[in-house]
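J.: Build me a structure from this.
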Amino acid sequence: NVALVSLGDLGESKNCDHNPNMPTELYAGTTLCHETAADYLSSFDVPYEVIGGNHDLEGIDEFATDEENLQVFLEAHGKPTPQFVREIAEKTLLVGLGSTIFREAKYTSHEVIIDDAQMAWFEQLLIDHPADDGWKMFIFTHAPPNGSGLRVLQENHVVNGCCWLNHSDDQKCRKFIELVREH
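T.: Residues are numbered from 1 along each chain as shown. The predicted structure is shown next:
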């Protein structure tokens with residue numbers, strides 16, 4: 001039971017000579033970017049899942065809103081929601097939570113924001129699959145959760161030194177790691 005998981009930021013955040021009609025268009029987050037990534041990821045001939053990174057919604061020259069951009073991302077990758085769960089062995093799950101905001105980020109587009117609907121879904125998933133019953137989960141996000149002990153690679157987000165999951169909202173930032181610790 002094999003699956004591939006991509007952790008997002010599927011395209012370059014610069015012009016890649018991909019649109020002759022708009023030579024200044026950024027490539028990351030465009031329809032072409034997602035279709036190309038979907039072709040590549042499906043070429044491994046195993047099911048794949050993808051976590052949306054913040055730059056996967058960066059198609060600012062093509063889309064007016066994050067919601068429009070997210071819809072194209074989901075359609076290109078055959079995903080009904082930004083999150084996923086896949087059972088890969090008995091009582092063993094792959095779980096993914098994806099960023100859903102770029103333009104509408106309160107402070108900076110470098111934020112990785114897991115929305116309230118995904119957090120509620122994740123909490124219910126943990127309740128429905130208790131560790132005490134033998135469930136194991138591999139949980140994927142685009143950025144490390146604060147409190148996990150993982151360190152940010154500053155070369156990736158040196159612009160503002162951020163990159164923690166939901167880092168601009170103290171309560172939401174803590175929510176993820178508190179759920180993991182509780183369950």
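J.: So Asp132, which state does it fall into?
T.: Put simply, Asp132 is helix when judged by DSSP: H, G, I helix; E, B strand; the rest coil.
J.: residue ranges for the helices of this protein, please.
T.: For the chain, helices defined by DSSP state H occupy the ranges 31-42, 66-76, 116-128, 170-182.
J.: helices or strands up against the last one?
T.: Meaning helix 170-182. In terms of contacts (3 or more C-beta pairs under 8 Å, 6 or more residues apart in numbering; DSSP states H and E), helix 170-182 is packed against helix 116-128. In this view, the C-beta of every residue, glycine as well, is placed from N, C-alpha and C.
J.: what is the mean pLDDT for the helix it packs on?
T.: Per-residue pLDDT values across helix 116-128 average out to 97.
J.: about what we covered before: just the helices of the chain: most buried one?
T.: Highest mean neighbour count among the helices of the chain (mean count of other C-beta atoms under 10 Å): helix 66-76, with a mean of 19.
J.: Can you name every helix or strand that that helix contacts?
T.: If contacts are counted by 3+ C-beta pairs under 8 Å, 6+ apart, helix 66-76 sits against helix 31-42.
J.: which residues are contacting the lowest-mean-pLDDT helix or strand in the chain?
T.: Lowest on mean pLDDT, DSSP states H and E among the helices and strands of the chain sits helix 170-182, with a mean of 86. If you take C-beta atoms under 8 Å, 6 or more residues apart in numbering as the criterion, helix 170-182 is touched by 114, 116, 119, 122-123, 126, 139, 141, 145-148, 164-167.
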